[in-house]
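J.: Need a 3D model of the following:
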Amino acid sequence: MSLVEDIRLHYTEEKSPPDGPDLDYELVDGQWVKKDTETRQVSYEVVDDTPRWGDLIQVVFERDGTYVAVQDVRPGTEYQDWGDYGDPSIFEVEPYNVTVTKYKKV
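T.: You can find the predicted model right below:
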């Protein structure tokens, strides 16, 4: 099963994004069994803070050189829940380098 499919399967049971290693287990006859995969979370960032009661986040997972992002709205208070803004977006991404110049007081 692909990483995208594993993440979509996770969301059939859960509302919040998975931890990377969570994607390496499957339920077989009522028991959690380790699959022959190694998944890691490589990025977790707030990409937009304009939703009224939450933050748009992007979580990126990597497995065997494939990168997949999940964009979802993280609840901002105890009155919100994962999924209140709809289903997450799940899509393949690729890493790229960015150079940032910042300035400090001298």
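J.: Report the buried residues of the strand or helix carrying residue 74.
T.: Here residue 74 sits within strand 66-75, counting by DSSP states H and E. By 16 or more other Cβ atoms under 10 Å, the buried positions in strand 66-75 come out as 67, 68, 69, 70, 71, 72, 73, 74, 75. Bear in mind the C-beta positions are built from the backbone N, C-alpha and C, glycine included.
J.: immediately after it, which helix or strand?
T.: Taking DSSP H and E, what comes next after strand 66-75 is strand 89-93.
J.: Residue 36: which of the buried residues of strand 66-75 is nearest?
T.: Proximity to residue 36 was ranked across these by Cβ to Cβ; first place goes to residue 68, at 18.1 Å.
J.: Could you give the bridge partners of that closest one?
T.: Each beta-bridge partner of residue 68 is listed here: residue 61, residue 92, as defined by DSSP bridges.
J.: any low-confidence regions in the protein?
T.: Along the chain, no part satisfies pLDDT under 70.
J.: one step back: so what's the gap between the strand holding residue 74 and the chain middle?
T.: Using Cα atoms, centre = their mean, to the nearest Å, the mean C-alpha position of strand 66-75 is found 4 Å from that of the whole chain.
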